Each structure stands twice: as structure tokens, then as C-alpha cells.
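> coordinates for the following, if possible.
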Amino acid sequence: MSTVHITTAEALVRYLVAQRTEVDGVEVPLYPGVFAIFGHGNVTSLGHALEQHRDEIPVWRGQTEEGMGLAAVAFAKATRRRQVMVATSSIGPGATNMVTAAGVAMSNRLPTLFVSGDAFASRLPDPVLQQVEHFGDPSTTVNDSFRPVVRYWDRITHPAQLLTSLPQVTRTLLDPADCGPVFLGLPQDVAATAYDYPESFFEPTVHRVPRPRADLAELERAAEALRAAERPVLVAGGGVHYSLAEAELAQFAERHGIPVVETVAGKSSVLGDHPRYAGPIGVTGAAEPNEACREADVVLAVGTRLNDFVTGSWTLFDERARIVALNTARFDATKHLATPVVGDARESLTELSALLGDWTAPAAWTDHGSDLRERFDRFVAARVADDGEYPLSYAQVVGAVHRAATPEDYVMTAAGGLPGELNVNWSSKAIASFDCEYGFSCMGYETAGAWGAAFARPAGEVYCLVGDGSYLMLNSEIYSSVLSGRKYVLVVCDNAGFAVIERLQRNQGGASYNNMLRDSRGPHSDVRVDFVAHAASLGAHATRASSLAELEAAIEQAREHDRTSVVVVDVREADWTEGGLYWQVGVPEVSELESVREARAAHEAGLTDQRRGV
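Residues are numbered from 1 along each chain as shown. This is a model prediction of the structure:
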């Protein structure tokens, strides 16, 4: 057997370079790049190896480890889990800064490889700089904090371990059911240690994402349920995107006359003008598609984990409605006593449609779905219309970006009030053109995620909408986008505080407290951030819009800029697009405030519609 004597770090990089995949029939690197901030735990060995292979696996410098990790997560979403970015840090705070990003990847089932330096395996120089000691367990380091938020975790304590660990890393990142983030810890001495690796370990390998077929009996039970349905609804989740099943889903809905509704993760699974599209569902959805779900007697849920925001804490679907859950993950397919179909979405929809043959939903129900869609369209048109007032509403800002966007463009947002506004008021012009990080609801995802998405979207613009609160939590990757030449358009919606959580605070009987700047403790709560000046200081083009016309003009101009553009606009504090669906939160059982007692009564009343399946 022919071998090569190289360091562990060098072997890791060579393996990453050798892994290939196919995207749209073209062979491309599985690991196309690395987001890196070097420190003493990763610069001398891993950093050296990356420098030696700089043309094969480029390194992009981030400003925060969390931001790099979030960029890698957004890249995975934008590529529909077909490619994986690596994020690497030193030991200590560099590593723990990435734990939040790993949580985002874990919650959203997105593949990201996190590689961090670690304390010396020999322990001879312990305690080293940035090491957190555990007196009763010397094998524990801060890298163990990744364990709850990754699918696969390993610490390489001997060079030979790469031979078994790295293939498992790649399989996990590409597994359609267990896909998620991976963590590797590299102790400093092990990373620098040489070993005789088989040369065959570094031969180019082309990976293809598997498509597990569903059991025929499960498909037949699903077909039986649909044939008996009078009011079926198809729920499109994020798994539709990752299976590349959008065309099959559109054909299925059209052929069988079933209204299609979307989750936040599944948005842009069908085009906004598809004849069976009925709108977005859930707490951040709209009344009309939610009405269709309430009336449904069979719910075909494709590629969704049916979380509380989608199901209204499981009050959306009638207790008697039958749920057919089509998912590659058995864990998701068997939730809430569903009829499971465990398999790839694209292949399963094709096979299920064949079993259904010429069956269609009753024409009256199909027409009802179209009527609901027309009502929904009128509602959105009224929400985004110019009323001549300033500040603007969130919906009007979304409308302005939508009018400027082309089918080649990509839009994204994350936490706060914008997910509901975009989910309802944005009509998809292209498939897989929308990213709302609402699995982990991570504030700060926006500015970093847009940078990552820009790597995956060589054509068109990446539009990102962010609130002032999220912008202040993480904004340094604006500078990373300028440095790397991966531009995007960032629209900052400033309502002077955490207005959406203040809305929840007041809606549940509480007083406005510590969310808006006006009710924050301190002598200078009237001081406002100059977001234009701040963004300009990071190298971006920056401007403020003081009307809807100015906003539209600024968005158009941003397309012509050679770097990231930031447009700042004031928005109304409490002009929300209501979804009208119950959401279970912890409302105090006892309180001196009558308003809280009333909110508790409403809370308990809402629970009466909750499905009791597990």
C-alpha cells in the first residue's frame, strides 16, 4: 500500500479537497471553501495546510466566529444542502462563539462543518491559554459544548482516527434523514503530528445524495387516505427543497386538485402564481390558508417537522383530520400519530401520484382553495399599498423589495417581526429563492447569512431584510462581504427597539418594559443609532430612505453598486400583518394585574383546540 507521510492537519485538508459532488449535473467541490479566523489553536498547522492548498479550497476571512458559522449555514440553505462550507476557529472563545451557529444548523437540519482547535492531547503543557479546566474530568474542554447542537461530534486524539472519522463526517453531512452540522476538535499537538496515510484516502470521490424509497405499504396507506378525502391540503416544508422535489410537488397538486400551503422553511416550493397555491400557514401565515387547513380532513405534510409556529402549537388542524407525513426522517414522519411515509420527497410524490391515478379532490374543494387564494391576494395587495404615510409599515417595505426583485434574486430574513411580514407579503418569483431562518430564530443571522448566501448565488441579487435589534446583535460580516466581494443588499428596518417581542409582552397582559428604547433603563434612551454612518464605516454603500419612493429608488440603485449596499428606513412600531393563529407561550397562572389574568384565560381557551397526539 502506497502511503504519504503528512500531518493530521494536512491530511484533513487533502481529504476535504478530494471530495466532490454534483450540482445541476456539473461536478463541483463538496467543500468549496473555508470561513476562518486563525488563532493559536488552528493557525500553525491547519492554517499552514490551508495556505498550501489555497487555490483548491479558498479561505475567506470572517470578523466573528459566529458570523462565519451563520454564513456557512446560509450557504448550505442556498445550495439546498448540495455543498458544505467549513468554519474554523481557535480554541476557547473562538470555538464557543460558533456554538450558536451550530444550533441554527441543527435546528434547521443544515450541513455545516465546524473545526476548532483543542487543548493538547498529551496534557503536558496544561493549562494552556484559553483552556477551561474541569477538575474532575480533564478530558472535557469547551468543545464539548457542541455536543447538543451537532449530529456528529469527534475529537481527533490520534492521526489515524481521521481514516474512520472523516468518511462518517461526509456521510452525516449528506444524509437526507440525519443531515445536520458536524464538529471536529483538533488538539494542537495532534494537528501537528505526522502519520503515514494511504494515498488512496485522498483520491477524488464524487458523492451523490441518496434518495431512499418509501415502503410500498406506506404509500398505499397514504393513497387510501387521500382517496377518501373530501378536503385534502398539501403542506410543503423545507424538505421539498432539499429533495429538489419542487416540480414534482407542483405537478402532484395540479394533477390531483389539492390546495398547497407552505411552511416558513418550505416557502418558494411553488411559485406564487401556481394555480393550486393557497398561501403560507401558521402563526406567521395568513388567515386564508390557515382556514383551508382548519377545514381539511386529510393533511399531506411533505418534508416538514410541523413545529409550533407551523401548527399554531397544534391548534391548526382539526382533531379528526388525518395527517399523512411524508419525510425522509422517521422521527418527523411519525409525529402526532401521523400516517408515516418514510422516504425521499421527490420519488415518493411521484410514486404516490401513480398510485392515485386519475383521482382528484372534489371540484368544489379545489375551487374553494382558489377562492381562498383570491382573498389572500387581495389582502396582500392592501397590506403593501402606499398609504402616503411615513414611517412605512413592514409590509410596504417588503412590497418595495418585491417590486424590484427579479426571478434570479434571493430574499432572506430571520428573527423578529420580519418573518411574518415576508412570509405573508412576499410572492415567490422563483423556486428556492427564499430563506427565513425561523427554526432557531437567530437574531444576527441576517447580515452574516446574506454573506454566505452570496457565495452560493452567482447570479442575481441577495436581498436581506433586518430589524434594528438584529443588526445591533451582529453586523461585522457586512465588512466581510466587502472584503470578499460577495455583495448583497441589506434593508435595515428601524423601529427603535425589539418591537415584535414588545407586542407579545403587551398582548399577554404585560406592560411595555425593556424592549423599546423609550422604556429602557438609563439616562440616554433617546439616543438613536446612525445605521447609515455605521454601515458606511464598514465599507458598504449606505443611504437612508424617508419615503416609499426613496426606498424604491435606493433599492434600484443598489443593484448597480459594486459592493454591499445598506438602505435604512424607519418603520412603524405596531403595524403588523396579523396571522390570527394561536401560539402557546408561558402566561402567568396568577398575577395582580387584571390584564395578565385575562391573557391567561385566553391562553387556556386557546388550548381547547390543541391536538393531543404525541
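> ok, the residue nearest to Ser2 when sequence neighbours are not counted to Ser595 distance?
Nearest non-adjacent residue to Ser2, counting by Cβ to Cβ, 6 or more residues apart in numbering: Glu199, 4.7 Å away. Backbone N, C-alpha and C define where each C-beta goes, glycine included. Distance of Glu199 to Ser595, given as Cβ to Cβ, to the nearest Å: 72 Å.
> what does Glu578 give?
20 Å.
> more neighbours, these two?
Ser595 (14 against 10; other Cβ atoms under 10 Å).
> contact partners for the more buried one?
By Cβ atoms under 8 Å, 6 or more residues apart in numbering, the residues touching Ser595 are 509-510.
> does it count as helix, strand or coil?
helix (DSSP: H, G, I helix; E, B strand; the rest coil).
> how far away is it from Glu604?
Separation of Ser595 from Glu604 (Cβ to Cβ) stands at 15 Å.
> just checking, Tyr513 touches Arg506?
No: if you go by Cβ atoms under 8 Å, Tyr513 and Arg506 don't touch, sitting 9.5 Å apart.
> between these two, who's got more neighbours?
Counted by other Cβ under 10 Å, Tyr513 and Arg506 do not tie: Arg506 has more neighbours, with 16 against 12.
> could you chop this structure up by domain?
Here the domain parsing of the chain from automatic domain parsing is 3-207, 216-376, 385-570.
> relative to Thr608, which of these is closest?
For Thr608, the closest of the domains of the chain is domain 216-376, at 8.5 Å, according to Cβ to Cβ.
> for stretch 340-352, buried residues please.
340-349, 351-352 (16 or more other Cβ atoms under 10 Å).
> I'd like the residues you listed laid out as CSV, including secondary structure and pLDDT.
Output for these, formatted as CSV (DSSP: H, G, I helix; E, B strand; the rest coil; pLDDT from 0 to 100):
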residue, secondary structure, pLDDT
Pro340, strand, 98
Val341, strand, 98
Val342, strand, 98
Gly343, coil, 98
Asp344, coil, 98
Ala345, helix, 98
Arg346, helix, 98
Glu347, helix, 98
Ser348, helix, 98
Leu349, helix, 98
Glu351, helix, 98
Leu352, helix, 98
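> which residues outside the helix or strand hosting Leu234 are in contact with it?
Leu234 belongs to strand 232-236 when elements are defined using DSSP states H and E. Contacts with strand 232-236, where a contact means Cβ under 8 Å, 6+ apart, come from 226, 249, 252-253, 256, 258-263, 266, 269-270, 278, 281, 292-293, 296-304, 306, 310, 361, 365.
> just these: which are in helices?
226, 249, 252-253, 256, 292-293, 310, 365 (DSSP state H).
> could I have the buried ones of these as ChimeraX selection syntax?
Only the buried entries of the ones in helices among the contacts of strand 232-236 go into this ChimeraX selection, using 16+ other Cβ under 10 Å:
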select :226,249,252,253,256,292,293,310,365
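> closest one of the ones in helices among the contacts of strand 232-236 to Asp562?
Nearest to Asp562 among the ones in helices among the contacts of strand 232-236: Leu249, at 38.2 Å, using Cβ to Cβ.
> correct me, but that closest one touches Ser243?
No: at 9.1 Å, Leu249 does not count as touching Ser243 under the criterion of Cβ under 8 Å.
> for the two, list the residues in contact with both.
Shared contacts of Leu249 and Ser243 (Cβ under 8 Å, 6+ apart): Ala345.
> tell me if Trp153 really is in a strand.
Yes: with three-state DSSP as the criterion, Trp153 is located in a strand.
> which parts of the stretch 501-614 of the chain are helices?
Applying DSSP state H, counting those that start in this stretch to the stretch 501-614 of the chain gives helices spanning 531-537, 548-558, 594-607.
> which outside residues touch the second one?
Residues lying outside helix 548-558 but in contact with it, judged by Cβ under 8 Å, 6+ apart, are 386, 390, 392, 396-397, 400-401, 403-404, 461, 463, 489, 491, 541, 543, 545, 565, 567, 569.
> what do you get if the cut-off is 7 Å, keeping everything else the same?
For helix 548-558, the external contacting residues (Cβ atoms under 7 Å, 6 or more residues apart in numbering) are 386, 392, 396-397, 400-401, 403-404, 489, 541, 543, 545, 565, 567, 569.
> neighbour-wise, give me the winner out of the residues you listed.
Neighbour-wise, these (other Cβ under 10 Å) top out at Val567, 29 neighbours.
> ok, Ala385 - contacts?
Applying Cβ under 7 Å, 6+ apart to Ala385 gives no contacts.
> and for the one 5 residues further on?
Listed by Cβ under 7 Å, 6+ apart, the contact set of Tyr390 reads 546-547.
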